[in-house]
Structure formats: C-alpha cells, structure tokens
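Colleague: A predicted structure for the sequence below; I have some questions about it.
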Amino acid sequence: MQKYSKKSGQSPESKCTVYKVEEPMGLLDFLYKKMSGKSANKVKSVLKYKLVSVDGKVTTQFNYPLQVGQEVSVASYKPEYKPAVIANMPEIIYEDENIVVIDKPAGLLAIATEDEKNETAYHIMTEYVKLKNKNNRIYIVHRLDRDTSGILLFAKNEETKHMLQDNWDSLVKFRGYAALLEGHPEEKSGRIESWLRETDSHFVFSAHTKGEGKYAVTNYEIKRESNNYSLAAINIETGRKNQIRVHMSEMDCPIAGDKKYGARTNPIHRLALQADMLAIELPYLNEVKEFRLPVLKKFIQCLKNDEK
C-alpha cells in the first residue's frame, strides 16, 4: 500500500500508478522505460518532487538499485494551490460564493478611466478571482470616489450583480462614513437636504432652486472635537457624486484634505473620508449583513495631536 507523508507533498487523495520490477536496473532507467511517453525532464521531476516510492518508501535517488519483485509507485497529484502575489491587494473584509467586500485604499480608483486602466480596484480583484479559476469574473456593484477609502462590494457573478444593482436602494439599509472635518459645526447633529448639480469642470454644488439637480440627503453627528477639527459619523440616504464632500463644505466645515471643496489643511495627507459601514440585505442568504471598519487611526491621532 502506498504510504504518504507531508514531507513528500503527497496526500491520501493522490492517485498512484504502480509498476512491478521484472529485472534488476537503476530507478531512473526503470522510469524512462515505464514512462516512455514523457520527456526526460518530466520523468526526472517525479523524483525531484518526491512522487516516487519503492515498496512504500519515498526516494529521490536516480540510481536507486531495483530488484526483481519490488513495486515502484508514481504519484500524480495537483500541487497545493499557492496564491500569486498581487500588487496592492486590498484587505478582504468578507467573501462568499456571490460577493467579495474589500477595504479600498484612498487613491485607488474603483473602475478604469480613460487615463488609468490597470491600477483600479476592479482590475486587482479581477486578478484575485482568476487565481482560483481563469474563467472567473468580477462585477462592480457600486462605487467610491478615488480619494475615499473603505468598504467596496463586488459581485462574483452576473446574476448577483443585477440583483444588487437593480434593487440597491431597497437592499441597502445603512451606508456609514467617518469624516474628519475642519472646524466645528454649529449644530452637533443634523440632516442636510439639497439638489446637487455638476459643472462642466466636474465641480458639484447645491442648486439654489428646489428641484434643480439630483436630490441628496446626508445625516451627520459629531462624535469628537479637538481645537481645529471635528470627527463626524455620517450616513447617507442617497448616493450622489461628491455628496458628503459638498454638504460638509456648504456648512463651512470641509473635510480635511479636500482642497477641491475648500479645505485649508491636509493633516493626514489624503482626503479624510472613510466608508466605514455598509448594512445590506443579501436575498440569497435571506439576511442583512453588516460590514464595519474601525475609524482610521490617522483620524484619531490627528485629533490627539491637535489637542496638545
């Protein structure tokens, strides 16, 4: 009976071909004879990778002297899956057969643009799913601004993509963000409603006339303050482009690092906005899943430094 060992890299599920020795000869010559349809390198590799056993004992010795009556077993197996190294691979928060949820870093595009095709979350996650099967695909369900970090969900099949995208508003129960604001809002919590419009230069602003633009709702609550900054917990009822950035700026408390919308400081050298919570109903599980991230340490450290 074939013996297996962790050292040899074999497993009990490996299939073996057993040959009976009918005349004395060296092991490599015996393998050349029995594996005549294989290249010399292929035959040598079964020894190199410890796939050959003589009477149940693994050997890698090319000139091992075989005697009449001995049994030579050659194992065939698929090597253990070893994931390739993917550059800039984000942290995976959750994964099942239908979705994968990541913590997208700030500065990484969610999907390709005319100027950038490869350095995107979509491209990286496509590489990731193809490691397991080259035919696997990934699908964008929603987006985050390039400069916003945090929770980003992808579908792993077209059916799930359509199910989530077509019913996004009803399936999403909560979308939360953490933001480090410049200054201190007069009201420590509130609800902001406006109609957002966008200029030809991609600057978003609230229209003066009700109904002109896309309706947007942002709720906020101040959780902590320092001399010059406020940490806000934000949840959105709509998902408009730059919505949070515009609403915070228009109450004279722009997000730190957001020069486009009026920020004067950049204490953590990036936009201080993080998508830190997503609660979504997943019909195929028949439950609401909550994905959470801790508030970035950089946000907390900035507040501490500003209190000195």
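Modeller: Structure received.
Colleague: any regions of the stretch 51-200 of the chain where pLDDT drops low?
Modeller: 77-85, 113-118 (pLDDT under 70).
Colleague: show me the helices in this protein, by range?
Modeller: Along the chain, counting by DSSP state H, helices occupy 27-34, 40-48, 121-132, 158-166, 168-171, 243-249, 297-306.
Colleague: any chance you could list what contacts the last one?
Modeller: Spelled out, that is helix 297-306. 178, 180, 224-229, 231, 256, 267-268, 272, 274 (C-beta atoms under 8 Å, 6 or more residues apart in numbering). Yep, even glycine has a C-beta here, placed from its N, CA and C like the rest.
Colleague: ok now do the residue lying closest to residue 92 once chain neighbours are set aside, which residues does it touch?
Modeller: Distances taken as C-beta to C-beta, 6 or more residues apart in numbering place residue 102 nearest to residue 92, at 5.7 Å, with adjacent residues excluded. Shown in contact with residue 102 (C-beta under 8 Å, 6+ apart): 90-93, 121, 125, 151-152, 154.
Colleague: got it, and residue 248?
Modeller: Residue 248 touches 179, 181, 220, 232, 254-255, 261, counting by C-beta under 8 Å, 6+ apart.
Colleague: reformat these as CSV; add neighbour count and distance to residue 20.
Modeller: Output for these, formatted as CSV (neighbours: other C-beta atoms under 10 Å; distance: C-beta to C-beta, whole Å):
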residue, neighbour count, distance to residue 20
179, 26, 74
181, 27, 79
220, 26, 79
232, 26, 77
254, 24, 81
255, 26, 76
261, 19, 80
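Colleague: just to be sure, which of those residues are found in strands?
Modeller: 179, 181, 220, 232 (DSSP state E).
Colleague: got the contact list for the first one?
Modeller: For residue 179, the residues meeting the contact criterion (C-beta under 8 Å, 6+ apart) are 220, 231-232, 234, 244, 248, 255, 272-274.
Colleague: ok, back up a step: most tightly surrounded among the helices of the chain?
Modeller: Of the helices of the chain, the one with the most neighbours on average (mean count of other C-beta atoms under 10 Å) is helix 243-249, at a mean of 25.
Colleague: re earlier: and which of the contacts of residue 179 is nearest to residue 136?
Modeller: Nearest to residue 136 out of the contacts of residue 179 is residue 274 (C-beta to C-beta; 28.8 Å).
Colleague: in the sheet, who's paired with the closest one?
Modeller: residue 149, residue 178 (DSSP bridges).
Colleague: how many neighbours does it have?
Modeller: Neighbourhood size, residue 274 [other C-beta atoms under 10 Å]: 26.
Colleague: I'd guessed it sits against residue 293; true?
Modeller: Yes: applying C-beta atoms under 8 Å as the test, residue 274 and residue 293 come out as touching, 6.9 Å apart.
Colleague: now do the shared contacts for those two.
Modeller: Counting by C-beta under 8 Å, 6+ apart, the residues touching both residue 274 and residue 293 are residue 150.
Colleague: distance of the nearest residue to residue 60 once chain neighbours are set aside from residue 153?
Modeller: With C-beta to C-beta, 6+ apart as the criterion, residue 60 has its nearest non-adjacent residue at 5.0 Å, and that residue is residue 47. Going from residue 47 to residue 153 by C-beta to C-beta, to the nearest Å gives 48 Å.
Colleague: and what of residue 163?
Modeller: 12 Å.
Colleague: joint contacts of those two?
Modeller: Contacts common to residue 163 and residue 153, judged by C-beta under 8 Å, 6+ apart, are absent.
Colleague: sorry, back to before: quick check, nearest of the ones in strands among the contacts of residue 248 to residue 62?
Modeller: residue 179 (66.4 Å).
Colleague: could you list the domains of this structure?
Modeller: Dividing the chain into domains by automatic domain parsing, as the record does, gives the ranges 15-76, 85-166, 172-308.
Colleague: hmm, the residue nearest to residue 60 is touching residue 26, no?
Modeller: No: using C-beta under 8 Å, residue 47 is not in contact with residue 26, being 11.4 Å away.
Colleague: leaving out chain neighbours, which residue sits closest to residue 25?
Modeller: Residue 25's closest residue in space is residue 66 (C-beta to C-beta, 6+ apart), at 5.8 Å.
Colleague: residue contacts, the one you found?
Modeller: 21, 24-27, 30, 54, 72.
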